[in-house]
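Novice: have a look at this fold, sequence not included:
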């Protein structure tokens, strides 16, 4: 899930929170994506979580995320505002506490 995008010198750097099907060992490390939101986004029916303790950073397009057919950029569909705010605030809380890990991915 794209958390932030920064444009510098014509290049877009993305910060992306991983989405996983693996239930977190510590429930405080991730936020579950509700089934109705997954359906709205066209995702599968399996349970999924947005990891809030780590971000991947890379220049768009990146090693794992590319432009999807019919799209021009990294935003394919948006989370509902209430869920985005919850994820954003949780990630900011992790950053303030020093628990947020940011991994630079190769281009």
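Specialist: Perfect, I can see it now. Predicted model only: the values in this text are computed from it and were never measured.
Novice: could you report the neighbour count for residue 88?
Specialist: 15 (other C-beta atoms under 10 Å). Placement of C-beta: from N, CA and C, glycine included.
Novice: go on, the one 4 residues further on?
Specialist: Using other C-beta under 10 Å, residue 92 has 13 other residues around it.
Novice: look up how far residue 15 lies from residue 35.
Specialist: 26 Å (C-beta to C-beta, to the nearest Å).
Novice: of these two, who's got more company?
Specialist: More crowded of residue 35 and residue 15, by other C-beta under 10 Å: residue 15, with 16 against 13.
Novice: list the residues that contact that one.
Specialist: 2, 3, 4, 5, 6, 55, 56, 57, 102 (C-beta atoms under 8 Å, 6 or more residues apart in numbering).
Novice: helices or strands up against the longest helix anywhere in the chain?
Specialist: Ranked by residue count and defined by DSSP state H, the top helix of the chain is helix 81-96. Judged by 3 or more C-beta pairs under 8 Å, 6 or more residues apart in numbering; DSSP states H and E, helix 81-96 is in contact with strand 2-8, strand 30-32.
Novice: can I get the ones you listed in TSV with mean neighbour count?
Specialist: Output for the helices and strands packed on helix 81-96, formatted as TSV (neighbours: other C-beta atoms under 10 Å):
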stretch	mean neighbour count
strand 2-8	13
strand 30-32	19
